[in-house]
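Engineer: Next comes the sequence, and after it the predicted model I'd like to discuss.
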Amino acid sequence: MELLFVFLGGAILGAIARYSLPHRDEHGAVLVPAVGAVVAMVVWVALTWLGWAWDGGWIWWASLGAAAVAVVAFDLLIGRHRVQTDAALLTKLTGTAAVAH
């Protein structure tokens, strides 16, 4: 049951990151929340395998903190990469220099 709550927490953090960070028009609506959910679940499971108590506070902070860091980094990196590759493709197709927004 706790894994479901961790999944939801990671997805909510991803949704917050998606709508509060730039480049939201450069990727799909579910991509960043999905990354947050997966990272939170993977960290949660890894920490439970390491013996952390599921009812302790630190496992929640670590799992959701890792998800928050991951979604911010992922959103910024994927957005920047997408802008650069789109500008390069536009330049290649039109033969002129494109201005990135």
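Structural biologist: Received, thanks.

Engineer: For the top helix by length along the chain, name the packing helices and strands.
Structural biologist: Scanning the chain for the helix with the most residues, using DSSP state H, yields helix 57-94. Here helix 57-94 touches helix 2-20, helix 31-49, going by 3 or more CB pairs under 8 Å, 6 or more residues apart in numbering; DSSP states H and E. C-betas here are computed from N, CA, C, even on glycine.

Engineer: List the contacts of the residue most central in space within the chain.
Structural biologist: Nearest residue to the geometric centre of the chain (CA atoms, centre = their mean): residue 71, 2.5 Å. Residues near residue 71 by CB atoms under 8 Å, 6 or more residues apart in numbering: 10, 13-14, 17-18, 32-33, 35-36, 39.

Engineer: Please identify which pair of the residues you listed lies farthest apart.
Structural biologist: 18 and 39 (14.2 Å; CB to CB).

Engineer: okay, residue 97: pLDDT?
Structural biologist: Here the pLDDT value assigned to residue 97 is 61.

Engineer: And residue 100, by the same measure?
Structural biologist: For residue 100, the model assigns a pLDDT of 56.

Engineer: So which residues make contact with stretch 29-41?
Structural biologist: For stretch 29-41, contacts defined as CB under 8 Å, 6+ apart pick out 3, 6-15, 17-18, 63-64, 66-68, 70-71, 74-75, 78.

Engineer: For the protein, give me the ranges with low pLDDT.
Structural biologist: In the prediction, the chain carries residues with pLDDT under 70 at positions 97-101.

Engineer: Against the centre of it, work out the most remote residue.
Structural biologist: Most peripheral residue of the chain (CA atoms, centre = their mean): residue 95, 34.0 Å.

Engineer: ok, so what distance separates residue 42 from residue 48?
Structural biologist: Remark: distance between residue 42 and residue 48 (CB to CB, to the nearest Å) = 11 Å.

Engineer: Please apply the same query to residue 78.
Structural biologist: 29 Å.

Engineer: now residue 89
Structural biologist: In terms of CB to CB, residue 89 sits 44 Å off from residue 48.

Engineer: quick one: which of those two has more around it?
Structural biologist: Shown here are residue 89 and residue 48; by other CB atoms under 10 Å, residue 48 has more neighbours (15 against 11).
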